[in-house]
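Novice: sequence-free structure coming up:
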């Protein structure tokens, strides 16, 4: 089943003719511009079963393509679920079955795919990654910055050290993964150039309200679209809940709660620019100060200043 997000612009203009790329137009102030339709998945990932998950991903990607999506986003660890045995599944130079599967799928279908995989940039250093591909080409390849030590991820996975963005259908996409949500500093850095931030996760059901709260907060802080994609079902003894969601740059939720495997939502490039122009939050940031700012004991600092 497919659920269409409650984007008012899409609801008002669903009758209109699509453009040459299959996208619906947006009309603002008499000017027509394309909306980007995005598909969010929330499949029940089969734990440590790449073959079964490939079948599900192919079906969902085909459904998204038929619905006119420009991009379909899958959850973290798309083909395995969270596994403490990354070396058993990691792609490596010269042997990359996860990446090869999605690259082949992107050549066959007229849309981009964002997915989570395990890749080893160096021998014995598997990383938790988010990759975006289109027409067989890698557009973004991000290694998770913050390992989830509470869940044992730090012991099994090597951390990344870079942030990336990529141009995509009138937007600039950035990508982060699950636990990164708890570290707002990296979202601010990504939002210097990005206007859509993808966050893929394996976020447990018993903390799902934190997922929604943090996604909405990151949208409000960065004035970006926040696209959160989470898995459903269970794996490795952990329960998950269907909770994929889009928040707009004002923190407004655009997609309804639903158990459906695929959710569609239209994003408007002008929306980010309008919100940032109407409320220029970023111009009041003091990034030069934040890099050196420390919190000191006031009494001690006052004594040192006066010499008393």
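Specialist: Thanks, I have the structure now. From a predicted model like this one, the values you see are computed outputs, not experimental measurements.
Novice: A helix includes residue 39, no?
Specialist: No. Per DSSP: H, G, I helix; E, B strand; the rest coil, residue 39 lies outside any helix segment and is strand.
Novice: list the contacts for it?
Specialist: Residue 39 makes contacts with 60, 63-64, 67, 69, 71-73, 111, 262-264, as judged by C-beta atoms under 8 Å, 6 or more residues apart in numbering. Glycine gets a C-beta too; all of them are placed from N, C-alpha and C.
Novice: again, but for residue 199
Specialist: Taking C-beta under 8 Å, 6+ apart, we find residue 199 in contact with 175-178, 180-181, 215, 218, 226-229.
Novice: need those in CSV with secondary structure, can you?
Specialist: Output for the contacts of residue 199, formatted as CSV (three-state DSSP):
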residue, secondary structure
175, strand
176, strand
177, strand
178, helix
180, helix
181, helix
215, helix
218, helix
226, strand
227, strand
228, strand
229, strand
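Novice: between the residues you listed, which is nearest residue 305?
Specialist: Closest approach to residue 305 among the contacts of residue 199 (C-beta to C-beta): residue 218, at 37.4 Å.
Novice: contact partners for the nearest residue to that closest one once chain neighbours are set aside?
Specialist: Nearest residue to residue 218 in three dimensions, chain neighbours excluded: residue 187, at 4.9 Å (C-beta to C-beta, 6 or more residues apart in numbering). The contact partners of residue 187, by C-beta under 8 Å, 6+ apart, come to 176, 180, 197, 218, 221-222, 224.
Novice: got any ranges where the protein has weak pLDDT?
Specialist: 1-33, 307-308 (pLDDT under 70).
Novice: cutoff 50 now
Specialist: 6-32 (pLDDT under 50).
Novice: ok, back up a step: of the contacts of residue 199, buried ones?
Specialist: Restricting the contacts of residue 199 to buried positions leaves 175-178, 180-181, 215, 218, 226-229, with burial counted as 16 or more other C-beta atoms under 10 Å.
Novice: just the residues you listed now: which is nearest residue 122?
Specialist: residue 177 (19.1 Å).
Novice: isn't the closest one right next to residue 144, touching?
Specialist: Yes. Taking contacts as C-beta atoms under 8 Å, residue 177 lies within contact range of residue 144: 4.2 Å.
Novice: need the residues touching each of these two.
Specialist: Residues touching both residue 177 and residue 144 (C-beta under 8 Å, 6+ apart): 128-130.
Novice: need these in a markdown table with secondary structure, can you?
Specialist: Formatted as a markdown table, the shared contacts of residue 177 and residue 144 follow (three-state DSSP):
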| residue | secondary structure |
| --- | --- |
| 128 | strand |
| 129 | strand |
| 130 | strand |
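Novice: quick one: the spatially closest residue to residue 171 that is not a sequence neighbour and residue 114, what's the gap?
Specialist: Spatial nearest neighbour of residue 171, excluding adjacent residues (C-beta to C-beta, 6+ apart): residue 196 at 4.8 Å. Distance, residue 196 to residue 114, using C-beta to C-beta, to the nearest Å: 11 Å.
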